[in-house]
Every structure is written in C-alpha cells, then in structure tokens.
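Student: Sequence first, then the predicted structure, then my questions.
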Amino acid sequence: MFITDPISVFLGVSAAVSATFGAVLIYHGQARRVSLVYAVNIVMILWWVWSMFFYRGASPETVLFWAKMLYISASFIASSFFYFTFIFPEPEKGVFKRKFLPIFTPNIVLAALITFSPWIISDAAVQIHNENTIVFGQWYWIYVLYILFFFLYGFIRIFRKYLKAIDKTERTQIIFLLIGYAVGANISFATNLLAPWFGYFGLNWVGQTTSVLMIVFTTYAIVRHHLFDARIITTELLTFFLWILLLSRTLLASSLQEQLIEGVVFLLTLILGIFLIRSVIHEVRAREEIERLAKDLEKANKRLRELDQLKSEFLSIASHQMRSPLTAIKGYASLILEGSYGAVSETVRQAVDKMGTATEGMISVVENFLNVSRIEQGRMKYDLAPQDVRALVHETVDELLPIAEKKNLTLSFKPGIANNYVANIDSDKLKQVFINLIDNSIKYTEKGSVTVSVEKKEKNITVTVNDTGVGMTENDIARLFKKFSRARDANEVNVKGTGLGLYVAKEIVEAHKGTVEARSNGKGGGSTFTVTIPAGA
C-alpha cells in the first residue's frame, strides 16, 4: 500500500524535477553523445528515486524486491557517472567502444548478485511507524567499495580535466559538474550507504532528494554555453511542470467526463507550450547570433585598426627614407640647370629639366603620404602665428605662374579691396593647401584660365580658386576630399594623382578652424574651390 506522507510527496517532486531537466537536456543538448550518455545517468537516478518511493510504501511481500531495486539502480548511477567522465566535456577518442564493457560488465554481475543471492541484500522488513529496514549480507562491503571507487575515481578524472582545461567555458562546465555531484554523492553516500549499514534507516531517503542537485548542475553545465539563458530555462521548466500537473489530473480524474475535460485542457496546453518554447528559443538564438556577429565585427575592427596603424607607420618610415634622396636629386638638377657644373647642351638641359620636374612631383607625393601618416597618428603639429594671408596667396601664385605659362594658361590673382588680411595661421601648412588647389586647377585645365582671388567678409578670409577645366559631377564632389579619392575622369588628364592632396588640404584647413568646399557646373564647366578661415591675429 502506497504512503502519502510529506517524504513521499517530496520524492515525487524530486522525480518530477529530475525528469523535467532530463527532458530539457535531451531536447536541447548540442553535444549529442554527451547529452545521451548523461540521459542514461538521469534514467538511473529516476529509477533510484522511484524505487525509494515504492520501497517506502511496499507491502511485506514486495519490500525485499524494492530494496534490491534501490541498490541495483544506485550501482548503475555510479557506473554511468564514471562512464560519463570519459566523454565530458568532450568525448575521448574511442571511448564508446573501449570503455563500455569494462565499466558496465562488473555492474551487471553486481546486479545479478543483488537479485539472485542474499550476499549483499539478504532481507527487508516493513515498519509501521518508522522507515523500512534492510538486512545486509556478508558482501555488502564489496558493494560499498564498488560505489566509492567509481565516484571517487570519477571525481579525480574530472578534476584532472579541470586542471588541464585552458578554455574558460570548459572550466566553468567542469566546476558545475563537480559541485552538483560532490554535494549529491557525498550526502547519498552518508545517508543511503553508511548509515543503514550501521542500522540507522531514518534518513535513507535523503540521497534521492539531493540527487536533484546532480541533475540540475550537470544539465546546466552541458547546455549553458550552447543555447540557454534564464528565460529559456524558466519557460521550459514552468511548461514541463504544467504538463506534468495536467497529465496527473487527467489520469487521476474520478469520472470519464472529468478525464475528457482534463485531457482536452492537457492537449491544448501541450500545443501552446510547444509554440511558446519554440518562440522563446528562436528569440534567444537570434539574440545570440547578433551578439556573436557583434563580437566578430569588434574583433575585425580591432584588427583593421591594428593594420591601419601598421600601414601608417610604414608610410611614415618609407616616406622619410624616400624624401632625402629625392631632395638631393632635385638639388643637383637645379645646380646643373644653373650651370654650376659647367655648360651643358640643350638636349641635356631639357632632360635634366624633365628630371627636376618629375622629382618635384614625386616629392609632393611623398610629402602628402607623410602628412597623411602624421594626421592619422595625431602627430601633425601647427605653429600658428599672425600672418598676411593675401601675401601668402600672392607668393604662391607667383611660384606657380611658370607652370601655367608652360600650358599656355592664364593664371591671374585678384587681391581684394580690404586693408587687413591677417589671420592666425601656420603659413607653411596653409601654403601647401594653396599650392595643391592652384596646381590641381592648372593640371585639370587644358585651355582657358585659372583665377585666384582673396576676399574678406565680416570675420572670415576667403580664398577662391576658379578654373575653366574639366569640371566635376555631384558624385565626384561628394567623395572629393576623401583619401585616395579622385574624380572619375581625372586619369584622362593627370595619371599621376594619388587622391591624397585634397584630403590633406581639408585636414589642414579644418585644423585652422576653417572650411574648404568645391563647386562645379558639371563636366566641362570648370571648378571652383573655396577656402574660408577666421580672420584676426
């Protein structure tokens, strides 16, 4: 006759919780072999818990049978746990074939001894007001050592894996497994093996209730780092408990009508619960995928920043190394043209002149690379001082006039009518900007003129470079001041451009708290570049 005291209810709840976590593990276990092998261990634990439930309510005729089921199931818990240590957290090579028979064959022999002989369990008796008692045979000590060996050796194996583990996730999984089994197994060993051996049966049910800790902690260790978070676990546990409750009400209904009603409610809840769990899992998977992509993107961005830093350092070093010999070549070319090494023929003079022009262009390119490197590394320094901007622009125009005349272009300067064009500037850096803008206009103008003007409006000084050159589209203007960006038709006029000059010019002007803009009337309509900086000392 079954008993319904609080202990039996507690055992039933423990079995329900264990079954629920077992279902969660089988349903979601990503490592299939790990999950399935541990599911076997869960089945053994459930067998042990239900054996205690039936043992406590057994009749005198069946009490010995259930007592033997208690100890047979407990032995399989020990062996299946030990087998589990060979595959958790990652299966060892060939373990399924090599370890199965050596581990479970002795267990089968032990189970046969318990079932068919009195050497381990010799008798059991029903007690009306106390816990049922068991009479142990002369070989019971072998059974105790068997259980102790498998659990102790299993703990040693798991702890060794923890010491060898490098991955943080793997170490966390092992810790959870050790905590669950260390607590559950030690309590069970004391209350279910040793205390009954010495004649105390008052707590021989405690091990079954603490076995929940083994299942909960191990299930969490297996699935935590694959899919689960608190919302999924909570949703599934509540859903599974609701299913168990409604199924129990259906089976225990007192009439056919009640069974039909409870059955319909159970089926509806079953369907809705499945949809609920799937929706939560889908949401969590989507979130975890987004988090994974975000982490991958963060790593990629970090790597790109490192590569960009290496690129900038390389450009800086390479440009420094190139500038010195180029400057020397330009200097010697000038000395030859000036006659410092004696008279040269016109043919040689033309060749040296071309060499000097090409070298000067290369020096400009190198200087742009150096400036880009300084800007990206935050090493661009500005020596600001009150300077006459109009005089600086006029000087620049005069220097570039011979280049314009070689192309038969008109390069004119309009000085403006204001009296004071002083601004707080780095004259060398700002001159680079004006040289770049005027030189670009000369390069991209095949015929016509380039006009440079200076005006002062309120508190700003504006320098405008207007040409009658190839012009630009709106798309060209939109990406004009970016690194390595040029107008689409620029190569048809100047194949040597790098697309860095305007980027550097923009950075320098903005460092002066100014702006640089470009306008055009389209292809063939010429271009206008405007630099605006604050006036005043």
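Tutor: Great, that's in hand.
Student: Contacts made by the helix or strand containing I156 with the rest, please.
Tutor: According to DSSP states H and E, I156 maps onto helix 140-164. Outside helix 140-164, the residues within contact range by CB atoms under 8 Å, 6 or more residues apart in numbering are 71, 74-75, 78-79, 81-82, 84-86, 88-89, 106, 110, 114, 120-121, 171, 174-175, 177-178, 181-182, 185, 189, 193-194, 197. In short, each C-beta sits where N, CA and C put it, glycine included.
Student: how does this structure divide up, domain by domain?
Tutor: Following automatic domain parsing, one finds the domains of the chain at 6-228, 296-377, 385-534.
Student: Mind putting those into TSV with mean neighbour count?
Tutor: Listed next are the domains of the chain as TSV, based on neighbours: other CB atoms under 10 Å:
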stretch	mean neighbour count
domain 6-228	18
domain 296-377	14
domain 385-534	17
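Student: Of those, which is nearest R287?
Tutor: For R287, the closest of these is domain 6-228, at 11.0 Å, according to CB to CB.
Student: quick one: average pLDDT of that closest one?
Tutor: In this model, domain 6-228 has a mean pLDDT of 82.
Student: coming back round to it: mind putting the domains of the chain in TSV, distance to V280 included?
Tutor: What follows is these, written out as TSV (distance: least, CB to CB, whole Å):
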stretch	distance to V280
domain 6-228	11
domain 296-377	25
domain 385-534	46
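Student: so which helix or strand takes in E510?
Tutor: Using DSSP H and E, E510 falls in helix 501-511.
Student: Repeat that for I438.
Tutor: helix 427-443.
Student: Counting only strands, which of the contacts of helix 140-164 make the cut?
Tutor: Among the contacts of helix 140-164, the members falling in strands are I121 (criterion: DSSP state E).
Student: Now, the contacts of helix 140-164 that are in helices?
Tutor: 71, 74-75, 78-79, 81-82, 84, 106, 110, 114, 171, 174-175, 177-178, 181-182, 185, 197 (DSSP state H).
Student: Now the host helix or strand of T169 - C-alpha only, CSV.
Tutor: Applying DSSP H and E as the criterion places T169 in helix 168-188. The C-alpha coordinates for helix 168-188 follow below in CSV (Å, rounded to 0.1, in the frame of the first residue of the first chain):
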residue,chain,number,x,y,z
LYS,A,168,37.2,29.3,-19.7
THR,A,169,33.9,27.9,-20.8
GLU,A,170,35.1,24.3,-20.4
ARG,A,171,36.5,25.0,-16.9
THR,A,172,33.1,26.5,-15.9
GLN,A,173,31.3,23.5,-17.1
ILE,A,174,33.5,21.2,-15.1
ILE,A,175,33.1,23.2,-11.9
PHE,A,176,29.3,23.0,-12.2
LEU,A,177,29.5,19.2,-12.6
LEU,A,178,31.8,18.8,-9.6
ILE,A,179,29.6,20.9,-7.4
GLY,A,180,26.5,19.0,-8.3
TYR,A,181,27.9,15.6,-7.9
ALA,A,182,30.2,16.4,-4.9
VAL,A,183,27.2,17.6,-2.8
GLY,A,184,24.7,15.0,-4.0
ALA,A,185,27.0,12.0,-3.9
ASN,A,186,28.5,12.7,-0.5
ILE,A,187,25.1,13.1,1.1
SER,A,188,23.8,10.0,-0.5
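Student: I'd like to know which elements it is packed against.
Tutor: Packing partners of helix 168-188 (3 or more CB pairs under 8 Å, 6 or more residues apart in numbering; DSSP states H and E): helix 140-164, helix 206-223.
Student: Need the single longest helix in this protein, by residues.
Tutor: The longest helix of the chain (DSSP H) is helix 256-338.
Student: my guess is T528 is in a strand, correct?
Tutor: Yes - per DSSP: H, G, I helix; E, B strand; the rest coil, T528 lies within a strand segment.
Student: what's the span of stretch 88-108, first residue to last?
Tutor: 23 Å (CA to CA, to the nearest Å).
Student: Can we start the residue count at 52 from this point?
Tutor: Yes, from this point I'll number from 52; that puts the last item at stretch 139-159.
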